[in-house]
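# Have a look; sequence and predicted model below, questions after that.
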Amino acid sequence: MTTFPDRITVNLASVLTFGAFAALVLNAMFGSLAALTFMFCGMLLIVSNPARSVDSLRRWWFVLLLPAYCILTALWSQYPTNSVRYGVQLMFTAMVAVVITGRLSTATLMRLMFIVYAIGVVASVAFGRTGAGGAWLGVFGSKNAFAAHIAVFVLIAAALTADRDSSWFLRLCALGGVVVSGPLLILAQSAGATLMVLPCLAVIVLTLVTTRLSQNQKLFLLVMLAIAAAVLALVVLVLGDTLLAEVLEGSGKDPTLTGRTDLWATGLSYIAERPLQGLGYRSFWVIGFAPAEELWAMFDVPAGAGFNFHNTYISNAVEIGLVGLAMQIVLIYGGALLMAAYTFARPSPANALLLALQLLMILRSFIEVEVFFEFSIRSIMGIATFIYALAGLLVLRRQPSTPAPHLSHEGLFRHA
């Protein structure tokens, strides 16, 4: 916290986090400067309070096991230089995520994310363009990237609208964000993003409803939701393929998810060859590697254009095997379960947002690859959610009779 004359106070951690997030979220606008800006802001964030940074990294060292393992895959990787290079970058990204949780409250993080994502929305409305198929691209490279941005934005806006601790102006802007997000999702022509964002919005609404319920009423609601989730999971397991085909047909989409099922079959074949260790971190989609070149040509994608298997589990298991994938699953699903428990115990708009974002990550993980790789805000938020939730539950366990406020930069916990 830096104080200037005339009582103007600047929270350095907030400013640096804003800069880092803006670079990542708006990388389509920043181009090659995005990674440099993120690294600059991230490094300043770490060194601006070295004692607290070291304490956070020491406390949550185990979340760094994943990037460490990615670096380790260089020992058997077919492209060891790639594995080391990108593994180190992932390690830095994870370290920034850990440090952020020790410097910013969840509520502050929510407000910063709203401003960053709102900039992308405003820029897309003002300077956006349409793609070849008529879908709105905004300032992003594809309709999927734009739809993903709007999906996250509407969740942030919905949570912020309900945050009584925020200023009325910010809440009014958030309400406007909720209103414009619907038409923008329609313009993006992404049925998947629209379908996935609805249950995430429901999570936020249900969380806010529980603030008015007694403990017994909360427990009853939790049991009913668990039963509903079990029934839904059973339906998906039994009729999932049929339902998916009907939804895709009704929305005019390709039943093969634009060839993704063929990609998945190819990825599974490589997992079967090296199931435990994989081919090495970031060692499949490499220019000159024959299988990757064949898939790029098959799907008419320029070589080296950043293609993937469009499934988090298949894509990552190909490169880091089932061992590395298990670490990722712990962070993804462990973070969701821990945040669900913490949100149930301490419902708040910020906690509801983190839970909704984690659910969105899980839903998208079956058709996209958002985590875990370097300079990725979704990877940062996945790690941060795990830590925020675990830290909150640990405080509740130590002080069961005292309300646990949000994680903060002024101490382990404090109201934002």
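Thanks, I have the structure now. Numbering: from 1, shown residues only.
# Contacts for stretch 63-81 next, please.
57, 83-84, 86-88, 90-91, 93-95, 97-98, 277-283, 286, 289, 319-320, 323-324, 327-328, 331, 372, 383, 386-387 (C-beta atoms under 8 Å, 6 or more residues apart in numbering). C-beta: built from backbone N, CA, C; applies to glycine.
# repeat that for 7 Å
With contact meaning C-beta atoms under 7 Å, 6 or more residues apart in numbering, stretch 63-81 is reached by 83-84, 87-88, 90-91, 94, 98, 277-281, 283, 286, 320, 324, 327-328, 331, 372, 383, 386-387.
# separation between the closest residue to residue 302 other than its chain neighbours and residue 66?
The spatial neighbour of residue 302 that comes closest, neighbours along the chain excluded (C-beta to C-beta, 6 or more residues apart in numbering), is residue 296 at 7.0 Å. Using C-beta to C-beta, to the nearest Å, one obtains 27 Å as the distance from residue 296 to residue 66.
# of those two, who's got more company?
Neighbour tally, residue 296 and residue 66, criterion other C-beta atoms under 10 Å: the higher count belongs to residue 66, 23 against 17.
# Look up phi and psi at that one.
Main-chain dihedrals, residue 66, degrees, to the nearest 10: phi -60, psi -60.
# do residue 190 as well
phi -120, psi 100.
# I'd say it and residue 146 touch.
No: counting by C-beta atoms under 7 Å, residue 190 does not reach residue 146; the two are 8.1 Å apart.
# More neighbours: which of these two?
Comparing residue 190 with residue 146 by other C-beta under 10 Å, the one with more neighbours is residue 146, at 29 against 24.
# Give me the contacts around the helix or strand hosting the more buried one.
Secondary structure assigned from DSSP states H and E places residue 146 in helix 143-161. Helix 143-161 is touched from outside by 110-111, 113-114, 117, 120-121, 124, 131, 135-138, 140, 166, 170-171, 174-175, 177-178, 181, 184-185, 188-190, 193, 196-197, 200-201, 204, 349-350, 352-353, 356-357, 360, with contacts defined as C-beta under 7 Å, 6+ apart.
# now do stretch 15-23
Contact partners of stretch 15-23, identified using C-beta under 7 Å, 6+ apart, comprise 30, 34, 37-38, 41-42, 44-45, 48, 96, 100, 104, 112-113, 116, 119, 377.
# quick one, strands of the stretch 51-200 of the chain?
Under the criterion DSSP state E, counting those that start in this stretch, strands of the stretch 51-200 of the chain are mapped to 129-130, 136-138.
# Show me the shaky parts of the protein.
Counting by pLDDT under 70, the chain contains low-confidence residues at 1-10, 132, 232-233, 235-259, 304-305, 400-416.
# Output stretch 361-378 as PDB, restricted to C-alpha atoms.
Below are the C-alpha coordinates for stretch 361-378, written out as PDB (Å, rounded to 0.1, in the frame of the first residue of the first chain):
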ATOM      1  CA  MET A 361     -13.900 -24.400 -16.400                       C
ATOM      2  CA  ILE A 362     -15.100 -28.000 -15.700                       C
ATOM      3  CA  LEU A 363     -17.900 -27.800 -18.300                       C
ATOM      4  CA  ARG A 364     -15.600 -26.400 -20.900                       C
ATOM      5  CA  SER A 365     -12.900 -28.900 -20.200                       C
ATOM      6  CA  PHE A 366     -14.700 -31.500 -22.200                       C
ATOM      7  CA  ILE A 367     -14.600 -29.500 -25.500                       C
ATOM      8  CA  GLU A 368     -11.800 -27.000 -25.000                       C
ATOM      9  CA  VAL A 369      -8.300 -26.800 -23.400                       C
ATOM     10  CA  GLU A 370      -8.100 -23.800 -21.100                       C
ATOM     11  CA  VAL A 371      -5.700 -25.100 -18.400                       C
ATOM     12  CA  PHE A 372      -2.900 -25.600 -17.500                       C
ATOM     13  CA  PHE A 373      -0.400 -23.700 -19.600                       C
ATOM     14  CA  GLU A 374       1.700 -20.500 -19.400                       C
ATOM     15  CA  PHE A 375       0.300 -17.000 -19.300                       C
ATOM     16  CA  SER A 376      -3.300 -18.200 -18.900                       C
ATOM     17  CA  ILE A 377      -5.700 -16.300 -16.700                       C
ATOM     18  CA  ARG A 378      -7.900 -19.400 -16.500                       C
END
